[in-house]
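> Just a sequence and a predicted model for now, questions to come.
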Amino acid sequence: MRVIGIDPGLRNLGWGIVDVAGTRVSHVANGICKSTSGGPLAQRLLSLHSQLEEVIRRHQPTTSAVENTFVNKDGAGTLKLGQARGICLLVPAQFGLEVAEYAPNAVKKVVVGVGHADKKQVLHMVKMQLGGVDPVGPDAADALAIALCHAHHAQFSGRLDAALAKAETRKGAA
């Protein structure tokens, strides 16, 4: 399974890709899609869309995960971030990918062990879990953390499905 994690942002949209084979997770690539600041919103969104399309086309993930947007006091800023997040949901869906969504605290809990970890702790744990990889920036590190979170959930889900199927088989044999 190849997972793309996406950290929504209007100026800097982080992305990180990991491969998952059993319990082994390895780094594939990471980066940041940047929009021109101060230009028309529609053009900025189009730029992010085009860049994210190219990332998915180049790396061909099989599934995706996006961080949920938190609401803050600046309503206009939250709305713009929500529009950028729409791009993060739309582009993978255009490629036929399933899109999972995770709250920021859930990502931190899985990757660091505590839901209120700071960016330095997230970066440190991403580096540890991915063999010392050096993300191109904090948004890319967050995106890799989102990909790791999804990989963890997918592994757990697979084990749960297998256990349920095994239990059902035993029940049918009895």
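That came in fine, so what should we check first?

> Specify the local secondary structure of V20.
Classification of V20 by DSSP: H, G, I helix; E, B strand; the rest coil places it in strand.

> what's near enough to touch it?
By CB atoms under 8 Å, 6 or more residues apart in numbering, V20 lies in contact with 1-3, 151, 154-155. C-betas here are computed from N, CA, C, even on glycine.

> how about 7 Å then?
V20 sits next to 1, 3, 151, 154 when contact means CB atoms under 7 Å, 6 or more residues apart in numbering.

> what's the pLDDT at it?
Confidence at V20, expressed as pLDDT, is 94.

> Could you do Q94 as well?
97.

> Name the nearest residue to it, sequence neighbours excluded.
Distances taken as CB to CB, 6 or more residues apart in numbering place E53 nearest to Q94, at 7.5 Å, with adjacent residues excluded.

> Which of the helices or strands spans that neighbour?
Using DSSP states H and E, E53 sits in helix 41-59.

> quick one: average pLDDT of that helix?
The pLDDT scores in helix 41-59 average 96.

> how about W15, what does it touch?
Contact analysis of W15 by CB under 7 Å, 6+ apart lists 4, 6, 30-31, 33, 52, 55, 140, 143.

> what about 6 Å?
The contact partners of W15, by CB atoms under 6 Å, 6 or more residues apart in numbering, come to 6, 31, 55, 143.

> Point me to the helix or strand that includes the closest residue to it other than its chain neighbours.
Nearest non-adjacent residue to W15, counting by CB to CB, 6+ apart: A143, 4.9 Å away. Per DSSP H and E, A143 falls inside helix 138-173.
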